[in-house]
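**Student:** predicted model and sequence follow; I will ask about them next.
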Amino acid sequence: MPRAVLVRQTGGPEVLELTEVDVPEPGPGEVVVDVAAAGVNYIDTYHRSGLYPIETPFGLGLEGAGRVSAVGPDTDLTVGDRVAWFSTRGSYADQIVLPTADVVRVPDQVDDDTAAALLLQGVTAHYLVSSTYPVKSDDPVLVHAAAGGVGLLLVQLAKARGARVLATVSTPEKEALAREAGADEVVGYEEFDKHARAFTDGQGMAVVYDGVGKTTFDQSVASVRRRGYMVLYGASSGPVPPVDPQRLNAAGSIYLTRPKSGDYAVTPAETRWRTGELFEAVVAGDLKVRIGGKYPLADAAQAHKDLQSRKTTGKLLLVP
């Protein structure tokens, strides 16, 4: 029987349970996919811990890639098609039933690991630089956790739009990766707001992309230029406490937003636009996807521990 990683009660990584499951027949507009690889993302830790509440029990994981093994009525996919997805819970599994509206076809030139590693973080990076704050040529941009999965993609996509990128990292190894991705300057987290001001001759950043949250938020706000954008898209260090809107006034009439993928991939057409541009960039060699670790399904808890230690780089995958 196929297996899946379930959460029967929320908590730490130890609550993850690999168990045999029944995979139902696909209904109208659905397909069954044999999972080749599943992406491990920070949002999975929020679901597992209960920070983002979900009724238990539930299957964990939103993202993966694999091959269609069965199709229901009213689908335009066939058995054997290679597909990927980033918004269907239960992806830590050998097999998964997916609505066809949630899947995209994977180009022949993109392997399964890359497809599974790219989509959720890639779509996040894509909407951040193209829609949340449309980066323009010569914009000074601050990217936190620049050697992480989203960070490496953000640096590359921002540079492709002509930005000047200041990156933050925590180790020399991560500094090398951020520079390889194209960052113009790389600094640590201590007093990074002063580096941001120096990087911009005292003006501040056009936009700060902050997926770290609690420990970086105050300095991030202090790094933004007048009428600039503070984009909080994650909370790897913990959630940010409530914010008095008057702080945005005092910081220079800055904008604060907390985006999520579901509001930037609303329709299948929008999803395919974003994923299509990402795949095209990968195929052209203009976007590199770093896979920082691969784990069997049985080691999902260890993958979560490693991710939350903030010692990993690039993307972690579970491989059935």
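**Tutor:** Now that the structure is in, tell me what you want to look at. All figures in this text were calculated on a predicted structure; none of them were measured in a lab. Residues are numbered from 1 along each chain as shown.

**Student:** switch to C-alpha atoms for all contacts and neighbour counts from now on
**Tutor:** OK.

**Student:** so for residue 242, what's the pLDDT?
**Tutor:** The score at residue 242 is 96. That number is its pLDDT.

**Student:** please disregard the earlier target; I meant residue 305.
**Tutor:** pLDDT at residue 305 comes out at 97.

**Student:** that one belongs to a strand, doesn't it?
**Tutor:** No: looking at residue 305 with DSSP: H, G, I helix; E, B strand; the rest coil, it is helix, so not inside a strand.

**Student:** now the residue of the chain most remote from its centre, nearest residue through space, not along the chain?
**Tutor:** Largest separation from the mean C-alpha position in the chain: residue 73, at 31.9 Å (C-alpha atoms, centre = their mean). Distance criterion C-alpha to C-alpha, 6 or more residues apart in numbering; nearest residue to residue 73, sequence neighbours excluded, is residue 28 at 4.6 Å.

**Student:** need the contact list for that neighbour.
**Tutor:** 72-75 (C-alpha atoms under 8 Å, 6 or more residues apart in numbering).

**Student:** quick check: phi and psi at the most centrally placed residue in the chain.
**Tutor:** For the chain, the residue nearest the mean C-alpha position is residue 121 (2.5 Å; C-alpha atoms, centre = their mean). Main-chain dihedrals, residue 121, degrees, to the nearest 10: phi -70, psi -30.

**Student:** so the closest residue to it other than its chain neighbours versus residue 233, what's the distance?
**Tutor:** Using C-alpha to C-alpha, 6+ apart and skipping the chain neighbours, the partner closest in space to residue 121 is residue 150 (5.1 Å). Separation of residue 150 from residue 233 (C-alpha to C-alpha, to the nearest Å) stands at 10 Å.

**Student:** the two: who's more crowded?
**Tutor:** residue 150 (26 against 19; other C-alpha atoms under 10 Å).

**Student:** my read is that residue 217 contacts residue 240, right?
**Tutor:** Yes: with contact defined as C-alpha atoms under 8 Å, residue 217 counts as touching residue 240 (7.1 Å).

**Student:** quick one: the helices in the protein?
**Tutor:** Per DSSP state H, the chain carries helices over the ranges 42-49, 112-127, 149-160, 172-181, 192-199, 217-223, 246-250, 268-284, 300-308.

**Student:** who wins for proximity to residue 79 among those helices?
**Tutor:** helix 112-127 (16.3 Å; C-alpha to C-alpha).

**Student:** report all helices and strands that that closest one contacts.
**Tutor:** Helix 112-127 sits against strand 30-40, strand 63-71, strand 82-85, helix 149-160, helix 268-284, strand 315-319, with contacts defined as 3 or more C-alpha pairs under 8 Å, 6 or more residues apart in numbering; DSSP states H and E.

**Student:** dump these into a markdown table; add mean pLDDT and distance to residue 206 as well.
**Tutor:** Listed next are the helices and strands packed on helix 112-127 as a markdown table, based on pLDDT from 0 to 100; distance: least, C-alpha to C-alpha, whole Å:
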| stretch | mean pLDDT | distance to residue 206 |
| --- | --- | --- |
| strand 30-40 | 98 | 30 |
| strand 63-71 | 98 | 31 |
| strand 82-85 | 98 | 32 |
| helix 149-160 | 97 | 12 |
| helix 268-284 | 96 | 23 |
| strand 315-319 | 97 | 27 |
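
**Student:** among these, which is nearest residue 103?
**Tutor:** Of the helices and strands packed on helix 112-127, nearest to residue 103 by C-alpha to C-alpha is strand 82-85, at 4.8 Å.

**Student:** give me the buried positions along the closest one.
**Tutor:** 82-85 (16 or more other C-alpha atoms under 10 Å).

**Student:** using a markdown table, lay out the residues you listed together with distance to residue 174.
**Tutor:** Formatted as a markdown table, the buried residues of strand 82-85 follow (distance: C-alpha to C-alpha, whole Å):
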| residue | distance to residue 174 |
| --- | --- |
| 82 | 33 |
| 83 | 31 |
| 84 | 28 |
| 85 | 28 |
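
**Student:** now for the nearest residue to residue 137 once chain neighbours are set aside, how many residues are close by?
**Tutor:** Nearest residue to residue 137 in three dimensions, chain neighbours excluded: residue 162, at 4.1 Å (C-alpha to C-alpha, 6+ apart). A count of nearby residues for residue 162, using other C-alpha under 10 Å, gives 15.

**Student:** how many residues are close by residue 163?
**Tutor:** Around residue 163 there are 23 residues (other C-alpha under 10 Å).

**Student:** ok, it - contacts?
**Tutor:** With contact taken as C-alpha under 8 Å, 6+ apart, residue 163 is in contact with 135-141.

**Student:** make TSV out of these and add pLDDT, neighbour count and distance to residue 113.
**Tutor:** As requested, the contacts of residue 163 are exported to TSV (pLDDT from 0 to 100; neighbours: other C-alpha atoms under 10 Å; distance: C-alpha to C-alpha, whole Å):
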residue	pLDDT	neighbour count	distance to residue 113
135	98	23	29
136	98	18	31
137	98	12	32
138	98	13	33
139	98	19	33
140	98	25	32
141	98	30	29
